[in-house]
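# 3D model of this:
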Amino acid sequence: QVQLVESGGGLVQAGGSLRLSCAASGRTFSYYDMAWFRQAPGKEREFVATAWAGGRRYYADSVKDRFTISRDSAKNTVYLQMNSLKPEDTAVYYCTAGRDSNWEYWGQGTQVTISS
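Model (predicted):
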């Protein structure tokens, strides 16, 4: 079992920045691929970014060059640094852990609201 707890969401103006954190506990953090997804009101949950256990990073086109995913194995934490935020980034952001894109564990989500 892996438990995931997100934090760092909030309300910021367009053009601002936020850093989300996801603290993991349970099985070995370094074993898992980690990712962030988001879900806006009335829309399906969508992929944002992933940091594989092996080191690769991938981003959705909509956030590329603005968001950075990173992981700190010493702290069992994955981060999402979000810069140049836009109103369309408003969503609940979820942290997830799994292997080979089989996302098995999910956090409870953290709300991000961007005002124009």
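
# From now on I want contacts and neighbour counts done on CA atoms only, so please keep to that.
Noted.

# wait, what's in contact with the nearest residue to Arg57 once chain neighbours are set aside?
Nearest non-adjacent residue to Arg57, counting by CA to CA, 6 or more residues apart in numbering: Ala51, 4.6 Å away. Each residue near Ala51 by CA atoms under 8 Å, 6 or more residues apart in numbering is listed here: 33-35, 57-58, 69-71.

# With Thr77 instead?
Thr77 is in contact with 21-24, 71, counting by CA under 8 Å, 6+ apart.

# Let me know the helix or strand that the residue nearest in space to the middle of the chain is in.
With distances taken as CA atoms, centre = their mean, the residue of the chain nearest its centroid is Trp36 (2.9 Å). Element membership of Trp36, judged by DSSP states H and E, is strand 33-39.

# Strands along this structure, start to end?
2-7, 10-13, 18-26, 33-39, 46-51, 57-59, 67-72, 77-82, 91-99, 102-106, 110-115 (DSSP state E).

# can you put the ones you listed in JSON lines and add mean pLDDT?
Listed next are these as JSON lines, based on pLDDT from 0 to 100:
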{"stretch": "strand 2-7", "mean pLDDT": "95"}
{"stretch": "strand 10-13", "mean pLDDT": "98"}
{"stretch": "strand 18-26", "mean pLDDT": "94"}
{"stretch": "strand 33-39", "mean pLDDT": "97"}
{"stretch": "strand 46-51", "mean pLDDT": "98"}
{"stretch": "strand 57-59", "mean pLDDT": "97"}
{"stretch": "strand 67-72", "mean pLDDT": "96"}
{"stretch": "strand 77-82", "mean pLDDT": "98"}
{"stretch": "strand 91-99", "mean pLDDT": "97"}
{"stretch": "strand 102-106", "mean pLDDT": "95"}
{"stretch": "strand 110-115", "mean pLDDT": "98"}
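
# Correct me if wrong: Gln111 contacts Val92.
Yes - taking CA atoms under 8 Å as the contact criterion, Gln111 and Val92 are neighbours in contact, 4.4 Å apart.

# just to revisit the earlier point, measure the residue nearest to the centre of the chain to Val63 for me?
Note on Trp36: its distance to Val63, by CA to CA, to the nearest Å, is 12 Å.

# Mutual contacts of the two, please.
Among the neighbours of Trp36, those also in contact with Val63 (CA under 8 Å, 6+ apart) are Val48.
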